[in-house]
Each structure stands twice: as structure tokens, then as C-alpha cells.
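Visitor: sequence and predicted structure, then a few things I'm wondering about:
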Amino acid sequence: ELKVEQNPLFLSMQEGKNYTIYCNYSTTSDRLYWYRQDPGKSLESLFVLLSNGAVKQEGRLMASLDTKARLSTLHITAAVHDLSATYFCAVDIGNYGQNFVFGPGTRLSVLP
Amino acid sequence: EPEVTQTPSHQVTQMGQEVILRCVPISNHLYFYWYRQILGQKVEFLVSFYNNEISEKSEIFDDQFSVERPDGSNFTLKIRSTKLEDSAMYFCASTRGQNYTFGSGTRLTVV
């Protein structure tokens, strides 16, 4: 059974600081997704990582994937309040359906 | 950009009543899904649907749940006899390949 973990689950940080959210998973996969969710809202796709060593950047967020370590990171650079949200990683081990599993989410609060 | 559309956005129902949640996936997508998220918790897989039949379902998706694609565009989730613990946000998603697109969700409140 595929298990996806995130660390930390809660993160409070000051504006301007850098931090990294980690996503570990238990079964080999080369497809990993990051989503953002604002309270009461849907899941907004941030990054799709489809190979070992993939790195993608959008604004202050950068995501990477190490399939050998079964680890993805979401790095936040010079955080701003607008980044406050819950961030989910999700892993796809193929064959669609039940094999697309979400992590528990990291609730990020960026304080002024 | 194509969207997955869900209706209603919020539904309140009495325990024991039937509810139908509706979704219009992206038109050229082939795989369709329902997920649920109990408030403040993780997003949980319910069911996947391909070629007009269920391809996989989770333990959550018991006999009280069913899905249909009645007319080639809508994709519905029916809960026959709702329980208090069915209160959650229900997300529909669709994909053609590697990108999963989620709808805005239906917040179901069972009272």
C-alpha cells in the first residue's frame, strides 16, 4: 500500500524567510504532484514532476523530485503572506485510480 | 483553460436522505475520479471510472455509494442514505494522461 508522508504538518514562518517542505513516499514512482489549497477551496495544481531529478520553479516556489530517495521537496524562498495555504503532495504509481495518493498536507502560515 | 465543473457548491441534507453530486469533467479526458476531504483532513480517494465502469474503489466507497456517467458529459456520485460522517468536501477530478484537474468541490453537510 502506497503511503505518503509530509513534514512538517504545520509551519509558521515569517515573511522573507526560506523554508522547505518534504514529501516522502513508500513505493517507487516517478510521478509526483504538488497542490495548494486555500481554506474551503479546491486543489490548485502547482507542479507536476515526472522524472528523477526534475526541478520546477514558479515564483517563490521550487519543487524537486528524487525518485531514488522517494523524496520530493517544495522550497519556499522569501515567503510572503499570500503563500499562506495548505500544500499537498500526491504520488501516482500508475494504473490511475487508487494509486494516486495524497499526503496529509502541510499547513503554512506566513506571518508579517 | 478547461475546467472540471461541480454542482452544487454546497448541499445540506438530512441524515438518511439520498444526495447526488454532479460533475462535468473536461471533455477529452478519459479517467474520472471522486475524492473526499473531511474538514481539515487529507484528501481521500473514493473511486475511479474509465470506459463507463468503475476501475477501482476504496474501502470508503461502500454499497451506499454509486457513480454514473449517464449522458457522456456528466459524472455523478450518489450517496443513497447519508450519514453524519459523510459530511465532507467532495472533489471530482479528471485526467487524460499525467495532469489531474480537480473541480471546485461540493461541500456536503449532513444534519
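Guide: Nice, thanks for sending it over. Numbers count the residues shown, from 1 in each chain, chains lettered A, B, ... in the order given.

Visitor: ok, for A:Arg31, nearest residue in space, not its chain neighbours?
Guide: A:Asp92 (4.1 Å; Cβ to Cβ, 6 or more residues apart in numbering or on different chains). From N, CA and C alone the C-beta is placed, and that goes for glycine too.

Visitor: wait, I meant A:Ser26
Guide: A:Lys3 (4.2 Å).

Visitor: distance of the one you found from A:Ile93?
Guide: A:Lys3 sits 11 Å away from A:Ile93, going by Cβ to Cβ, to the nearest Å.

Visitor: then A:Arg107?
Guide: 26 Å.

Visitor: more neighbours: which of A:Lys3 and A:Ile93?
Guide: Per other Cβ atoms under 10 Å in any protein chain shown, whichever of A:Lys3 and A:Ile93 has more neighbours is A:Ile93, with 17 against 11.

Visitor: what bits of chain A have low per-residue confidence?
Guide: A:94-99 (pLDDT under 70).

Visitor: so which residues on it come close to chain B?
Guide: Counting by Cβ under 8 Å from any Cβ of the partner chain, the residues of chain A lying close to chain B are A:31, A:33, A:35, A:40-43, A:45, A:48, A:50, A:88, A:90, A:92, A:96-105.

Visitor: count the residues that sit near A:Leu83.
Guide: A:Leu83 has 18 neighbouring residues, counting by other Cβ under 10 Å.

Visitor: thought it was touching A:Leu111?
Guide: No. In this structure A:Leu83 lies outside contact range of A:Leu111 using Cβ atoms under 8 Å: 11.2 Å.

Visitor: within range of chain A, give me the residues from chain B.
Guide: Counting by Cβ under 8 Å from any Cβ, chain B comes close to chain A at B:31, B:33, B:35, B:41-45, B:47-48, B:50, B:55-58, B:89, B:91, B:95, B:98-105, B:107.

Visitor: show me which of those are buried.
Guide: B:31, B:33, B:35, B:42-45, B:47-48, B:55-58, B:89, B:91, B:95, B:100-105, B:107 (16 or more other Cβ atoms under 10 Å in any protein chain shown).

Visitor: just those residues: which are in strands?
Guide: Secondary structure from DSSP state E places B:31, B:33, B:35, B:43-45, B:47-48, B:55-57, B:89, B:91, B:95, B:100-102, B:107 of these in strands.

Visitor: for the residue most central in space within chain B, list each beta-bridge partner.
Guide: When Cα atoms, centre = their mean is applied to chain B, the residue found nearest the centroid is B:Trp34 (3.6 Å). Bridge pairing for B:Trp34 (DSSP bridges) gives the partners B:Val47, B:Cys92.

Visitor: so it versus chain A, what's the distance?
Guide: To chain A, B:Trp34 is 11 Å away according to Cβ to the nearest Cβ, to the nearest Å.

Visitor: which residues sit in contact with that residue?
Guide: By Cβ atoms under 8 Å, 6 or more residues apart in numbering or on different chains, the residues touching B:Trp34 are B:21, B:23, B:46-47, B:67, B:77, B:90-93.

Visitor: repeat that for 6 Å
Guide: When contacts are counted by Cβ atoms under 6 Å, 6 or more residues apart in numbering or on different chains, B:Trp34 touches B:46-47, B:77, B:92.

Visitor: same check on B:Tyr35?
Guide: B:Tyr35 is in contact with B:43, B:45-46, B:91, counting by Cβ under 6 Å, 6+ apart.

Visitor: that one and B:Gln98: what is the separation?
Guide: Distance of B:Tyr35 to B:Gln98, computed by Cβ to Cβ: 17 Å.
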